[in-house]
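Enquirer: let me see the structure of the following:
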Amino acid sequence: MQKLDLRKDLKHLYAPSAKQVQLVDVPDLQFAMIDGAIEPGSEPGLSPAFAAAMEALYGISYTLKFMARQRAENPIDYTVMGLEALWWVEDGRFDIAIKDNWFWTAMILQPDFVTPSMFADGLAQLRKKRGDSPALGKLRLERWREGLCVQIMHLGPYSEEPATVARMDAFAAANGYRMARKHHEIYLGDPRKAAPEKMKTVLRHPVERFG
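Expert: I've put the predicted structure just below:
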């Protein structure tokens, strides 16, 4: 059986240094995605919609993994990738202290051999096993090229991210760029189980030339 290790193949994107900000060009990749927004008065860790999105994304990701392993021709085994999310606001400046106006796209990287037809079959299997849900109805398979970005590994709780983002911003400016578009987080490990000081999160932000 063929084995695929996306974490190893894409190590430069999913295991960056925590000591220095890096400039990377993120290629065209394929994701299972769901869009949503944090409910008024809530926050990511307490949001029912975000929790439902996580459940749907991991559900389809493991379903596709088992489908790939069990197929008669060219079976492939691989490790399911971790949760990622894009975050942004549409009514002013992004503020980590104000969380209930955040919009998000939650997503998990999928191997290139996963086709739209395979994805649809996986969704059908997941619905048969768990029943339908609004989150499953919002799932989509999409290719996306993030392009030129700055990134770094953030160690510690989410509340300390602003200092790391400031380092990213300073690095971008020093190299003739400015951060643009949506803030990207890649969650390594389960934040519900890890001690805050031990959490690891890849922070990534697209950049564009200025001046």
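Enquirer: which residues in the chain form helices?
Expert: Assigned by DSSP state H, the helices in the chain fall at 6-9, 11-14, 48-70, 116-130, 134-138, 161-174.
Enquirer: from Trp144, how far out is the residue nearest the centre of the chain?
Expert: The residue lying closest to the centre of the chain (CA atoms, centre = their mean) is Glu84, at 1.4 Å. For Glu84, the distance to Trp144 equals 11 Å [CB to CB, to the nearest Å]. For glycine as for every other residue, the C-beta is placed from the backbone atoms N, C-alpha and C.
Enquirer: averaged pLDDT, stretch 111-128. What do you get?
Expert: Stretch 111-128 carries an average pLDDT of 97.
Enquirer: so how far is that stretch off the chain centroid?
Expert: Mean-position distance between stretch 111-128 and its chain equals 19 Å (CA atoms, centre = their mean, to the nearest Å).
Enquirer: and for stretch 98-111?
Expert: Computed by CA atoms, centre = their mean, the separation of stretch 98-111 from the middle of its chain amounts to 7 Å.
Enquirer: quick one on the thing from earlier: now the common contact residues for Glu84 and Trp144.
Expert: Residues within reach of Glu84 and of Trp144 at once, by CB atoms under 8 Å, 6 or more residues apart in numbering, are Phe31.
Enquirer: near Gln125, how many other residues are there?
Expert: Neighbours of Gln125 under the rule other CB atoms under 10 Å: 16.
Enquirer: name the nearest residue to it, sequence neighbours excluded.
Expert: Among residues not flanking Gln125 along the chain, Thr63 sits closest, at 5.6 Å (CB to CB, 6 or more residues apart in numbering).
Enquirer: thinking again about what came up before, pLDDT at the residue nearest to the centre of the chain, what is it?
Expert: pLDDT at Glu84 comes out at 97.
Enquirer: any idea how far Arg93 is from it?
Expert: 23 Å.
Enquirer: ok, back up a step: now the residue nearest to the centre of the chain, nearest residue through space, not along the chain?
Expert: In space, Glu84 is closest to Ile186, 4.7 Å off (CB to CB, 6+ apart).
Enquirer: low-confidence bits of this structure, can you list those?
Expert: By pLDDT under 70, the weakly predicted segments of the chain are 191-192, 211.
Enquirer: could you redo the last one with a cut-off of 80?
Expert: 91-97, 189-197, 211 (pLDDT under 80).
Enquirer: buried ones in stretch 10-30?
Expert: By neighbour count with 16 or more other CB atoms under 10 Å, stretch 10-30 contains the buried residues Leu13, Tyr14, Pro16, Val21, Gln22, Val26, Leu29, Gln30.
Enquirer: let me fix that: stretch 108-128
Expert: So, applying 16+ other CB under 10 Å, buried residues of stretch 108-128: Ile108, Leu109, Gln110, Pro111, Val114, Met118, Phe119, Gly122, Leu123, Gln125, Leu126.
Enquirer: please report how far the second one lies from Tyr14.
Expert: Read it as Leu109. From Leu109 to Tyr14 the distance is 8 Å (CB to CB).
Enquirer: same question for the third one.
Expert: In this structure, Gln110 and Tyr14 are separated by 14 Å, where distance is defined by CB to CB.
Enquirer: common neighbours of the two, please.
Expert: In contact with both Gln110 and Tyr14: Met81, using CB under 8 Å, 6+ apart.
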